[in-house]
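*Asks:* I'll drop the sequence and a predicted model, then ask my questions.
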Amino acid sequence: MHWPVEAATEVLPLPEVNQRRLAQDLRMLAHIGASPGGGINRLAFTAEEREAHSYVAARMREAGLTVRGDAIGNTFGCRPGGREGLPAIVLGSHLDSIYEGGQFDGTVGVVGALEAVRALNEQNIATLHPIIAVAFAAEEGARFGASNLGSRALVGDLPQEELRRLHDGNGTSVAVAIQQLGFPLKEIPTCRWDSRQVGAFVELHIEQSAGLETLRKPVGIVDAIGAATRLRINLIGRPDHSGATSMSLRRDALAAAAEIVLNVERIARETAGRNTVATVGKLNVKPGVITVVPGEVEMDIDIRDIDADMKDIATSAMEAMVHEVARRRGIQERIELLTHQLPSTLAMWTREAIRGVCQEMGVDYRVLPSGAGHDARVMADLAPAAMILVRNKSGISHSPAEWVEMSDIVLGVQVLTNTVLKLDDALAQRRGEGKHP
Ligand code: GLV
Ligand code: MN
Ligand code: MN
């Protein structure tokens, strides 16, 4: 039998992720917006979020990428491909955080994209397709109630009406917050990308629960991403004297809210699908005085599912319940729809590319859905999208207690880097060009 000895012994350089460099970037970013209690505060459209983008833009420039930003505050670093006119492989995640968030949510995916490009550069590995590392702006819904504002601008799904309607807790609208940072509001439509510009999108992210840790698997490959519907409920009762008002005469907005909170939990548990979750994470009580029957409550409900129909069923049941509780208690109610997202199923062939990489590397993985929201859900509207999850040792996220081992991050970034090469070939093959040398 004849063996092609030359071909078999040819040693191709492999891109190798640099742990020290990755750790340094994560450490530097963990200082931006850090509170004394250890939480990260880089809310959407704040100076802290911008500082993180500046840090990443500087590292992108050092890596030789062509850096640009857009009118919503996304940051892009482009590495050219070997052939003109091909769609890009886009990698990245977000740099903003919730109030008192963890240091890995979003950041790992941005730093991972940057490191993937640096690893390719170091070994002089060219790709046919351009690679774009992206740091999205305003992924978290914590400040304004709506998420993914940066990636939604990219897919052309961010109406000006919404930017003017949504406000933070201080009454600042998204539109005003954007302009205060010097971004030109009127130019947001120019953020939109043509889907022909993107061959595939890959987001590396920490897992935000204990699934992989429980399974003792370091890597997850996401098949579907859940979505949120968020409702803001305003309850107007009557503020009154806490000593002089008999129990039968009260119109207590907070007591109504308490009943609603427990019913939200019950509906999510009982009436809806297995993946339905619902949370009341925010409640403002007025006047907030110990000697006054609460007259007014504003509460936000976050309802999520991977199944859009089950989410809609749960949402309708919750709306009906709010009306019933309010009517029975003599409370005036108003329900505002803050956001209504659709879940996304990720492309099979991009998922298979990651699976192939894991098998080649001997990395144990699990294919699983993500209950947490991600920019990949939005980017899937523009191009085939994929997500790699890194095991979360703490099993906790959206909390300063979020913790991921460096060895798992390095492994995730290596899977991401190798996936870029796999996608570079897969995209050529899908055009019928065969494997490129
Ligand atoms: C983002 O982290 C979200 O799912 O809220
Ligand atoms: Mn988050
Ligand atoms: Mn995130």
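*Replies:* That came through fine. Ligands and ions are numbered 1, 2, ... in the order given.

*Asks:* Show me the contact partners of stretch 406-416.
*Replies:* For stretch 406-416, contacts defined as Cβ atoms under 8 Å, 6 or more residues apart in numbering pick out 16-17, 19, 22-23, 26, 91, 104, 108, 111-113, 115-116, 202, 204, 218-219, 354, 357-358, 361, 363, 388-391, 393. The way it works is simple: take the backbone N, C-alpha and C, and place the C-beta from them, glycine included.

*Asks:* So among those residues, which ones count as buried?
*Replies:* 17, 22, 26, 91, 104, 108, 111-113, 115-116, 202, 204, 218-219, 354, 357-358, 363, 388-391, 393 (16 or more other Cβ atoms under 10 Å).

*Asks:* Just the ones in helices from those residues, please.
*Replies:* Counted as lying in helices by DSSP state H, out of those, are 22, 26, 108, 111-113, 115-116, 354, 357-358.

*Asks:* So which bits of the stretch 101-250 of the chain are right by ligand 3?
*Replies:* Residues of the stretch 101-250 of the chain lying near ligand 3 by Cβ under 5 Å from the ion: 105-106.

*Asks:* Give the buried residues for stretch 342-351.
*Replies:* For stretch 342-351, the neighbour count (16+ other Cβ under 10 Å) marks 343-344, 346-347, 350-351 as buried.

*Asks:* what do you get for stretch 115-133?
*Replies:* 115-120, 125, 127-133.

*Asks:* ok, residue 147 - contacts?
*Replies:* Per Cβ under 8 Å, 6+ apart, neighbours of residue 147: 138-141, 228, 339, 341, 373.

*Asks:* which SSE is it in?
*Replies:* Assessed by DSSP states H and E, residue 147 sits outside every helix and strand.

*Asks:* Can you verify residue 317 is assigned to a helix?
*Replies:* Yes: applying DSSP: H, G, I helix; E, B strand; the rest coil, one finds residue 317 inside a helix.

*Asks:* Would you agree it is in contact with residue 268?
*Replies:* No: under the criterion of Cβ atoms under 8 Å, residue 317 makes no contact with residue 268, lying 9.4 Å away.

*Asks:* from this structure, which residue is nearest to ligand 1?
*Replies:* Per Cβ to the nearest ligand atom, residue 373 is where the chain lies closest to ligand 1, at 3.3 Å.

*Asks:* For stretch 397-415, buried residues please.
*Replies:* 397-400, 402-404, 408-415.

*Asks:* That one near ligand 3 anywhere?
*Replies:* No: on the criterion Cβ under 5 Å from the ion, stretch 397-415 is out of touch with ligand 3, staying 8.0 Å away.

*Asks:* measure that stretch end to end?
*Replies:* Stretch 397-415 has its terminal residues 22 Å apart, counting by Cα to Cα, to the nearest Å.

*Asks:* ditto for stretch 388-406
*Replies:* Taking Cα to Cα, stretch 388-406 runs 16 Å from one end to the other.

*Asks:* next one: that stretch to chain centre, how far?
*Replies:* Centre-to-centre, stretch 388-406 and its host chain are 14 Å apart (Cα atoms, centre = their mean, to the nearest Å).

*Asks:* what mean pLDDT does it have?
*Replies:* On average, the pLDDT along stretch 388-406 is 97.

*Asks:* Then stretch 359-378?
*Replies:* The model assigns stretch 359-378 a mean pLDDT of 97.

*Asks:* Next: stretch 268-281.
*Replies:* Averaging pLDDT along stretch 268-281 gives 86.

*Asks:* and that stretch, C-alpha only, in CSV?
*Replies:* The C-alpha trace of stretch 268-281 is given here as CSV (Å, rounded to 0.1, in the frame of the first residue of the first chain):
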residue,chain,number,x,y,z
ALA,A,268,-44.2,30.1,35.5
ARG,A,269,-44.1,26.9,37.6
GLU,A,270,-47.5,25.5,36.8
THR,A,271,-49.3,26.7,33.7
ALA,A,272,-46.5,27.1,31.2
GLY,A,273,-43.8,24.9,29.6
ARG,A,274,-40.9,23.2,31.3
ASN,A,275,-38.5,25.9,30.3
THR,A,276,-40.6,28.9,31.3
VAL,A,277,-39.1,31.1,33.9
ALA,A,278,-40.4,34.4,35.2
THR,A,279,-38.9,37.0,37.6
VAL,A,280,-40.0,40.2,39.3
GLY,A,281,-36.6,41.7,39.8
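
*Asks:* Run through who's touching it.
*Replies:* 226, 260-261, 264-265, 267, 299-307, 310-311, 313-314, 317-318, 369, 371.

*Asks:* can you tell me which of the buried residues of stretch 342-351 are in helices?
*Replies:* Checking the buried residues of stretch 342-351 against DSSP H, those in helices are 350-351.

*Asks:* Tell me which two of the buried residues of stretch 342-351 sit farthest apart.
*Replies:* 343 and 350 (17.0 Å; Cβ to Cβ).

*Asks:* Count the residues that sit near the nearest residue to residue 253 once chain neighbours are set aside.
*Replies:* Excluding the flanking residues, the one nearest residue 253 by Cβ to Cβ, 6 or more residues apart in numbering is residue 237, at 3.7 Å. Residue 237 is flanked by 23 other residues according to other Cβ atoms under 10 Å.

*Asks:* give me phi/psi at residue 237?
*Replies:* The phi and psi torsions at residue 237 (degrees, to the nearest 10) take the values phi -110, psi -130.

*Asks:* isn't it right up against residue 257?
*Replies:* No: between residue 237 and residue 257 there is no contact, the gap being 9.5 Å when judged by Cβ under 8 Å.

*Asks:* Now do the shared contacts for those two.
*Replies:* Residues touching both residue 237 and residue 257 (Cβ under 8 Å, 6+ apart): residue 297.

*Asks:* dump the residue contacts of the spatially most central residue of the chain.
*Replies:* Central residue of the chain (Cα atoms, centre = their mean): residue 374, 2.9 Å from the mean position. Residue 374 makes contact with 93, 139, 203, 205, 225, 387, according to Cβ under 8 Å, 6+ apart.

*Asks:* try 7 Å
*Replies:* Residue 374 sits next to 203, 205, 225, 387 when contact means Cβ atoms under 7 Å, 6 or more residues apart in numbering.

*Asks:* Then residue 44?
*Replies:* So residue 44 contacts 96, 137-138, 140, 143-144, 149 (Cβ under 7 Å, 6+ apart).

*Asks:* Repeat the analysis, applying 10 Å as the threshold.
*Replies:* Residues counted as contacts of residue 44 (Cβ atoms under 10 Å, 6 or more residues apart in numbering) are 73, 94, 96-98, 137-144, 146-147, 149-150, 168, 174, 177-178.
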